[in-house]
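Colleague: only geometry, no sequence info:
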């Protein structure tokens, strides 16, 4: 499933509730780490396309998103170069699993299997300490819900035994906190 260089390269997943700076942080880190590979959030792109045709997402759509998340990570690993050591993944199956549970009260079991076999060097769990910014794709702006989701992501990270660091702070402080966490791997 993964390239031969897989164990030499570092896979970093950015996760957390909506509007917690995952995309910005992932891009910043990819630049800082020798132009590391950045894997953008696929769900946003997919749901935006559905909105263009005036359709809500379904269980099947969320499963398609999950499948693309796996495929996108595999493809990103094929873009490793000699100097590239990091892949930064903006949102992955942990968020998608919780999305399934909240929306549909069930999820495809292959997600757990994929997570069990997924080697990750670190999960950066972005704290909901940034103000929520509404946009047409975001659904969970309530502070209470953001905290609920944060705690559910944390429980999943722990259940799968992924090394993780909770990342908070605003602007440069958030980036520095992430860099400090990554310096420990």
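Modeller: Done, it's in. Nothing here was measured: the structure is a model prediction, and the numbers come from that model.
Colleague: Report the spatially closest residue to residue 156, excluding sequence-adjacent ones.
Modeller: residue 94 (4.8 Å; Cβ to Cβ, 6 or more residues apart in numbering). C-beta here means a position set from N, CA and C on the backbone, and glycine is covered the same way.
Colleague: Name the residues of the helix or strand containing the one you found that are buried.
Modeller: Residue 94 belongs to helix 93-104 when assigned by DSSP states H and E. Residues of helix 93-104 classed as buried: 93, 94, 95, 96, 97, 98, 99, 100 (neighbour count, 16 or more other Cβ atoms under 10 Å).
Colleague: Run the angle between the next helix or strand along the chain from that helix and helix 93-104 for me.
Modeller: Downstream of helix 93-104, the first helix or strand assigned by DSSP H and E is helix 110-117. Angle of helix 110-117 versus helix 93-104, following axes from the mean of the first three to the mean of the last three Cα atoms, to 10 degrees, is 160 degrees.
Colleague: Helix 110-117 - contacts with which helices or strands?
Modeller: When contacts are defined as 3 or more Cβ pairs under 8 Å, 6 or more residues apart in numbering; DSSP states H and E, helix 110-117 sits against helix 93-104, helix 143-160.
Colleague: Mind checking those for the one nearest to residue 56?
Modeller: helix 93-104 (10.3 Å; Cβ to Cβ).
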